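Novice: Got a predicted structure plus its sequence, pasted below:
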Amino acid sequence: MPPIIDVADLRKRYAGAKSEAVAGVSFRVEEGEVFGLLGPNGAGKTTTIGTMTTRVRPTSGSVVVDGVDVVADPVAAKLRIAVVPQRANLDRSLSALENLTFHAAYFGYGRRERNVRAREMLERFGLQGRGDDRVDNYSGGMAQRLIIARALMHDPRVLFLDEPTTGLDPQSRLFLWDQMEALKARGVTLLLTTHDMAEADRLCDRIAIVDHGKVIASDTPRGLRRVLPGAEGLEVRLEVADDPAAALGSLGEVETEPDGDGQFKARIYGADVAPGAAIAAAEAGGARVLDLRRIEGTLEDVFVHLTGRDLR
């Protein structure tokens, strides 16, 4: 099966700019996948998304979505995609129901079908009974749910979500995460941008990290964590008279520190360090194991490691 999104050597230089906003980005997204596109501000991801959604014309390269070249045939591409923008763009002079039905009318749905579908969407996104309210009266979380409902009115194959949970309360955020997971289960492909690394870690099957207009890393969340030095291992808390570094040294790279009277904390780095081996080595060295847990770097650690700590 060909990928549902195929971005090949995408480049974009804005008039008068000294450098390319996008400098040869390539990646593929499989059908039904949740794909994360992450990067610092100014990294090029917004321009990349703009190209995929037909808003930005590339300088060179290609973007194919569901078999359609988005530059050659943007009208056909728009029938296959939907966008949840970073900033709310609802028509606040209209009711929630009217926002949904106008969107469906744009895509050619008949009056009866668009009304039925709109009411189904209102119920699905927890807005039943509020369809006749003007969206000016909606909370931020309600408005964001309505934006996603509107995006789904024409049953797109690919949904682009640009920081969809920014500023939402925990309940609204969890609700939208559940909805995204439900969309994936139905076979909808999701492309997500976010600065919430926990969100990306939870939702994304694969992630591409973009910086300075280029993809600098691409893998599963777990695969990305392996780029960290000392990314995985065990942390062991021991009751022992002397520093246990020598006793544990045969297992891999070891860091130790005192952890109170007669106790030490030891970190043994390596993905293949077995808990049983750590316990056996510690006890052979005269220590008693008090606690043991596996440690793993976070996606935020990976992001900062790859893109740096400097403000953009």
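Specialist: In hand now; what should we look at? Residues are numbered from 1 along each chain as shown.
Novice: Does Asn115 touch Phe102 like I think?
Specialist: No. Between Asn115 and Phe102 there is no contact under Cβ atoms under 8 Å: 11.5 Å. C-beta: built from backbone N, CA, C; applies to glycine.
Novice: And Ala278, how far from Ser95?
Specialist: Going from Ala278 to Ser95 by Cβ to Cβ, to the nearest Å gives 62 Å.
Novice: Neighbour count for those two, which is higher?
Specialist: The residue with more neighbours, out of Ala278 and Ser95, is Ala278; 22 against 17, by other Cβ atoms under 10 Å.
Novice: for the protein, which residue is closest to the average position?
Specialist: Ala200 (3.2 Å; Cα atoms, centre = their mean).
Novice: which stretches of the stretch 201-312 of the chain form helices?
Specialist: According to DSSP state H, counting those that start in this stretch, the stretch 201-312 of the chain carries its helices in the segments 221-225, 245-248, 275-284, 299-307.
Novice: and these as JSON lines, adding mean pLDDT and distance to Arg130?
Specialist: Below are these laid out as JSON lines (pLDDT from 0 to 100; distance: least, Cβ to Cβ, whole Å):
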{"stretch": "helix 221-225", "mean pLDDT": "91", "distance to Arg130": "36"}
{"stretch": "helix 245-248", "mean pLDDT": "93", "distance to Arg130": "60"}
{"stretch": "helix 275-284", "mean pLDDT": "93", "distance to Arg130": "52"}
{"stretch": "helix 299-307", "mean pLDDT": "92", "distance to Arg130": "36"}
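Novice: before we move on, back to that, quick check, the residue nearest to the centre of the chain in a helix?
Specialist: Yes. Per DSSP: H, G, I helix; E, B strand; the rest coil, Ala200 lies within a helix segment.
Novice: what packs against the longest helix seen in the chain?
Specialist: Assignment by DSSP state H gives helix 170-185 as the longest helix of the chain. Judged by 3 or more Cβ pairs under 8 Å, 6 or more residues apart in numbering; DSSP states H and E, the packing partners of helix 170-185 are helix 140-151, strand 189-193, helix 197-203.
Novice: wait, isn't Arg117 in contact with Ala104?
Specialist: Yes. Using Cβ under 8 Å, Arg117 is in contact with Ala104, at 6.2 Å.
Novice: okay, the two: which has more neighbours?
Specialist: The residue with more neighbours, out of Arg117 and Ala104, is Ala104; 22 against 19, by other Cβ under 10 Å.
Novice: Just give the number of residues close to the nearest residue to the more buried one once chain neighbours are set aside.
Specialist: Of all residues not flanking Ala104 in the chain, Arg114 sits nearest, at 3.5 Å (Cβ to Cβ, 6 or more residues apart in numbering). Arg114 is flanked by 22 other residues according to other Cβ under 10 Å.
Novice: what pLDDT does Arg114 get?
Specialist: pLDDT, Arg114: 95.
Novice: Quick check: Ile279 vs Gly285, distance?
Specialist: 11 Å.
Novice: An error on my part: the question was meant for Lys214.
Specialist: From Lys214 to Gly285 the distance is 48 Å (Cβ to Cβ).
Novice: Next: Asp69.
Specialist: 64 Å.
Novice: Can you pick out the residue with more neighbours from these two?
Specialist: Set Asp69 next to Gly285 and count neighbours by other Cβ under 10 Å: Gly285 wins out with 17 against 14.
Novice: Looks like that one contacts Val240 (just checking).
Specialist: Yes. Using Cβ under 8 Å, Gly285 is in contact with Val240, at 7.1 Å.
Novice: circling back: so which of the helices of the stretch 201-312 of the chain is nearest Arg11?
Specialist: Arg11 sits nearest to helix 299-307 of all the helices of the stretch 201-312 of the chain, at 20.5 Å, using Cβ to Cβ.
Novice: Alright, calling it a day.
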